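>>> Take this sequence and fold it.
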Amino acid sequence: LSAEIYYVREGQVNAYALHFTVPVPADVEEISFTWQSLAERPLPYRINIDSPDAVALPKPSMNISWQGEIPEHIETFAIGLRCSGQKSAEVDVTITIEVTLDRMTGNTTELLFRRKKICLMSEHPDANQPDPYLLENATNGQNGLITIIIGGILAILFVSIFIMIAYCVRGSFNRKPHHAQPIRTSSFQRLQTHAPSAPSSIVSPPSIAPTIATLSRNRIYANAEPEELQRRISELTVQRCRVRLSSLLQEGTFGRVYRGSYNDSQEVLVKTVGPHASQVQVSLLLHEGMSLYGAQHPGILSVLGVSIDDHTAPFLLYLAPENTRNLKIFLQEPVARTLTTIQIVKIQLQLAQALGHLHSHGVIHKDIAARNCVIDDQLRVKLADNSLSRDLFPGDYYCLGDSENRPIKWLALESIQFKQFSEASDTWAFGVLMWELCTLARQPYAEVDPFEMEHYLRDGYRLSQPINCPDELFAIMAYCWTMLPMERPSFEQLQICLQDFYAQLTRYV
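The predicted structure follows:
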């Protein structure tokens, strides 16, 4: 799998991307760099690798000299990051590449790459075993290859220099290599459009892709069959007389959300439809309202009960404190303007944990967005189902001529093109949700016609970096929007990234 990431572009070193620490999973034992000097002469280099924990990760090895010259033709070298197996640890690895641009003046440029290598204790530790991967060509892997191509241009002293560095991660995954066109996603540097006709809030920036090796996550899950839906409803049926409605919170054309109580003791949210709703709308309420059935997690708002009466519309009950409200509506209120970056990251981390729980049980959400979350006064957020969302938030859904309203601007490219949903498509939508949180529920791709979204995404355009959004946080978002599904991070990996960034933020507070 190949994609592009620029650490240096148009003579500007992208310090933000270089400062981002990328996790290297335990089963990834090699990283490879492909480089080339276009300065019409070889460029002297010096490489240094720092690994502070020699017990967990012995000094990394390379299959080239520690100093020499960057060749004028494309060459690949490898760095082995093989753990000893003697202890479990997260080792911060620093790779420094110093390039001499002019020997006469001593003008040099230093590129520093940060990686966090995950090491696990092994029953049979062997720190001295040679790394067989270093003996292979980096482009011919038996167990698969994830390639990250890093390119840049240095324009110093009237010498045009282009250094393209390819960062390849070889994992022990049992899958065949893919040969796909690299994609372009949001940049970590000053964002510029590549086409004059591009809308102002969208960028076609230098390319990035996650350097996190991901497991195969192309499983596609089907909705519950009618028999299963009936079983779930029967199991959750409650008596209507035990449900009391206190206030109307949201109302659409036919959908309504109330605050109420169950058994006079439990505060609940109640979703229902009006008396003139069609049978299709009633069925859709029940079908989508039961999509998170049985999900037991602090970050998931799963249905508590269902009340069905022959003469009235069904009620769906969700256990929620009195101060619980819709996340999108909350973000659009004045009080949300006081949210700090720490609070926003904490909300994102809670939702990543909830989605990780869903995926661990084989459930794909398919409609991750702020409108499908709730939040309370303590900023505890829960992921909810998407029942009634098409009616309550009609501006977020579009019909592309197929008689189906879909959240086009939250969907991954494969979901728009083929209606294909997977854990990876949930990751894409989560990136848009992160963007919503940082922009206080601005409309994504507001200037783009829904019919043009497929074209824009295929050409590499992505959401631009929100104002006041830290570069490290935007980097995590952008990882979610890579073109190929298997290159997107899992929610386990997103949790690690968000947790690390949250720890960095709280360290200075």
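>>> measure Q353 to A503 for me?
Using CB to CB, to the nearest Å, we find Q353 at a distance of 15 Å from A503. For glycine as for every other residue, the C-beta is placed from the backbone atoms N, C-alpha and C.
>>> oh, I was asking about A352
A352 sits 15 Å away from A503 when distances are taken as CB to CB.
>>> Looking at those two, which has the bigger crowd around it?
The residue with the greater number of neighbours, taking A352 and A503 and applying other CB atoms under 10 Å, is A352; the counts read 28 against 10.
>>> Now do the phi/psi pair for that one.
Dihedral angles of A352 (phi, psi; degrees, to the nearest 10) stand at phi -60, psi -40.
>>> L494 is in contact with that one, correct?
Yes - with contact defined as CB atoms under 8 Å, A352 and L494 form a contacting pair (4.8 Å).
>>> and for these two, which residues touch both?
When contacts are counted by CB atoms under 8 Å, 6 or more residues apart in numbering, the set common to A352 and L494 consists of F430.
>>> Show me what stretch 400-413 is in contact with.
If you take CB under 8 Å, 6+ apart as the criterion, stretch 400-413 is touched by 367-369, 390, 396-399, 416, 424-425, 428-429, 432-433, 443-445, 448, 450-451, 453-454, 457-458, 483, 485.
>>> Recalculate using a threshold of 6 Å.
367, 369, 390, 396-399, 425, 428-429, 432, 444-445, 450, 453, 457 (CB atoms under 6 Å, 6 or more residues apart in numbering).
>>> where's C469 relative to W435, distance?
Looking at C469 against W435, where the rule is CB to CB, the gap reads 8 Å.
>>> and those two? which has more neighbours close in?
In this comparison of C469 against W435, neighbours counted by other CB under 10 Å, the higher total goes to W435 at 27 against 18.
>>> What's the separation between the closest residue to that one other than its chain neighbours and M290?
With CB to CB, 6 or more residues apart in numbering as the criterion, W435 has its nearest non-adjacent residue at 5.2 Å, and that residue is L463. Between L463 and M290 the distance, using CB to CB, works out to 32 Å.
>>> Between those two, which is the more surrounded one?
Set side by side, L463 and M290 show unequal neighbour counts under other CB under 10 Å, the larger going to L463 at 26 against 22.
>>> Now do the same for the more buried one: its pLDDT.
Looking at L463, its pLDDT reads 95.
>>> how far away is it from T439?
According to CB to CB, L463 and T439 sit 9 Å apart.
>>> show me where this protein has helices.
When secondary structure is read from DSSP state H, the chain shows helices at 15-19, 226-236, 279-289, 327-331, 341-360, 389-392, 413-418, 423-439, 453-458, 471-479, 491-507.
>>> Pick the most buried one from those.
helix 423-439 (a mean of 26; mean count of other CB atoms under 10 Å).
>>> contacts for that one?
Residues outside helix 423-439 that contact it (CB under 6 Å, 6+ apart): 217, 344, 348, 359, 364-365, 368-370, 410, 412, 415, 444, 463, 466, 469, 477, 480-481, 485, 488.
>>> If we use 7 Å, what do you get?
The set of residues that contact helix 423-439 without belonging to it, under CB atoms under 7 Å, 6 or more residues apart in numbering, is 217, 219, 344, 347-348, 351-352, 355, 359, 364-365, 368-370, 410-412, 414-415, 444, 463, 466, 469, 477, 480-481, 485-486, 488-491.
>>> One more: stretch 276-288?
Residues from elsewhere that reach stretch 276-288, judged by CB under 7 Å, 6+ apart: 229, 233, 254, 271, 273, 313-314, 316, 385-388.
>>> What's the per-residue pLDDT of the closest residue to A475 other than its chain neighbours here?
The spatially closest residue to A475, leaving aside those adjacent along the chain, is F20, at 5.0 Å (CB to CB, 6+ apart). Each residue has a pLDDT score; the one for F20 is 70.
>>> what does P182 give?
With respect to pLDDT, P182 scores 33.
>>> What is the burial count for C480?
The number of residues packed around C480, counting by other CB under 10 Å, is 24.
>>> cool, and I74?
10.
>>> quick one on the thing from earlier: pull the most distant pair out of the contacts of stretch 400-413.
Across those, no pair lies farther apart than R390 and L457, at 21.8 Å, counting by CB to CB.
>>> so the residue nearest to W435 bridges to which residues?
As for beta bridges, L463 partners with I202 under DSSP bridges.
>>> just checking, it touches P444?
Yes - shown here, L463 and P444 form a contact pair, counting by CB atoms under 7 Å, at 5.7 Å.
>>> And the contacts of stretch 276-288, which is closest to N63?
Minimum distance to N63 across those is 50.9 Å, recorded for N386 (CB to CB).
>>> Pretty sure that closest one sits against A369.
No - contact criterion CB under 7 Å: N386 and A369 do not qualify, at 8.1 Å.
>>> number of nearby residues for Q465?
For Q465, the tally of surrounding residues (other CB under 10 Å) stands at 25.
>>> Find the nearest non-adjacent residue to it, please.
The shortest distance from Q465 to any residue that is not its chain neighbour, by CB to CB, 6+ apart, is 4.6 Å, and that residue is F474.
>>> That neighbour touches I467, doesn't it?
No - if you go by CB under 7 Å, F474 and I467 don't touch, sitting 11.0 Å apart.
>>> Give me the number of neighbouring residues for L388.
Residues within reach of L388, counting by other CB under 10 Å, total 25.
>>> what residues are up against it?
Contact criterion CB under 7 Å, 6+ apart gives 252, 255, 257, 271, 285 as the residues in contact with L388.
>>> so how far is L494 from the closest residue to the third one other than its chain neighbours?
Sequence neighbours aside, Q250 is the residue nearest to V257 in space, at 4.1 Å (criterion: CB to CB, 6+ apart). In this structure, Q250 lies at 29 Å from L494, with CB to CB as the measure.
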